[in-house]
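**Student:** any chance you could fold what I've pasted below:
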Amino acid sequence: MKARVKFLLVLVSISILSCKNEKSVDDLKVETPQVVESKVKVTIDMVVKTDDTFQLFYTEDGTLNFNDKFSVRTPVKGSENSQKVVFELPEDVKFTFLRIDMGENNKQNEIKINNFLVNYFDKKWEAKGNLFFQFFGPNDQMTLNYDLSTLTPVVKEGVVYDPILYPMEPVGVELQKLLK
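**Tutor:** Purely as a prediction, here's the structure:
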């Protein structure tokens with residue numbers, strides 16, 4: 001019996017001493033991960049009235065051979081108000097051309113472009129309003145109203161819906177200025 005009591009006392013002593021310096025879960029510091037904003041991004045200030053997903057393609061080899069590997073997608077929440085649609089790119093990108101796919105939703109309404117901005121670390125390139133269309137031209141699935149700076153999607157029977165803004169030569173020139 002004495003051996004059992006001694007054994008119990010040793011166990012209680014060990015458990016009291018081993019728990020002595022432990023902190024409560026409530027006392028532990030909570031680490032919140034920091035969201036790091038990319039220093040390379042393309043922002044389009046526009047009115048998009050219907051929910052959609054836009055995609056920005058880029059090349060680094062001076063060609064217009066775009067593929068999904070070099071692209072960024074971003075969801076867009078439909079709104080009657082102007083909003084900034086932001087594409088964050090890898091910071092090691094050395095882009096030579098950009099292409100913008102203007103959505104997947106074939107129920108999309110008229111889209112108004114207010115401003116286009118490329119940030120490349122401490123440099124920027126901006127095209128306001130309809131000046132944007134000196135750099136990008138729509139494919140046949142969008143109708144451009146240059147004066148109002150709007151694009152109206154065109155759904156064609158039997159054709160996959162894929163409205164695209166193709167880069168024109170000045171895009172490459174402006175992007176090269178950013179890289180210098």
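
**Student:** need the helices for this structure, in chain order.
**Tutor:** Under the criterion DSSP state H, the chain contains helices at 2-18, 169-179.

**Student:** for these, which has the smallest mean pLDDT value?
**Tutor:** Mean pLDDT values for the helices of the chain show the minimum at helix 2-18, a mean of 60.

**Student:** so the residue nearest in space to the middle of the chain bridges to which residues?
**Tutor:** Of all residues in the chain, the one closest to the mean position by C-alpha atoms, centre = their mean is Phe87, 3.2 Å from it. According to DSSP bridges, the residues that bridge with Phe87 are Val42.

**Student:** which residues are in contact with it?
**Tutor:** Lys41, Val42, Thr43, Phe54, Leu56, Val72, Thr74 (C-beta atoms under 8 Å, 6 or more residues apart in numbering). For every residue, glycine as well, the C-beta is placed using N, CA and C.

**Student:** ok, the closest residue to Asp61 other than its chain neighbours - contacts?
**Tutor:** Distance criterion C-beta to C-beta, 6 or more residues apart in numbering; nearest residue to Asp61, sequence neighbours excluded, is Thr96 at 6.6 Å. Contacts for Thr96 (C-beta under 8 Å, 6+ apart) come out as Tyr58, Thr59, Glu60, Asp61, Gly62, Thr63, Gly172, Leu175, Gln176.

**Student:** all strands of the protein, in order?
**Tutor:** Secondary structure of the chain (DSSP state E): strands at 40-48, 52-59, 71-76, 83-88, 97-101, 111-120, 123-128, 136-138, 142-145, 150-153, 164-167.

**Student:** out of these, which gets nearest to Lys180?
**Tutor:** strand 123-128 (8.6 Å; C-beta to C-beta).

**Student:** any figure for the gap between Asp101 and Leu175?
**Tutor:** 18 Å (C-beta to C-beta, to the nearest Å).

**Student:** the more surrounded of those two?
**Tutor:** More crowded of Asp101 and Leu175, by other C-beta atoms under 10 Å: Leu175, with 21 against 18.

**Student:** mind showing which ranges of the protein have poor pLDDT?
**Tutor:** 1-36 (pLDDT under 70).
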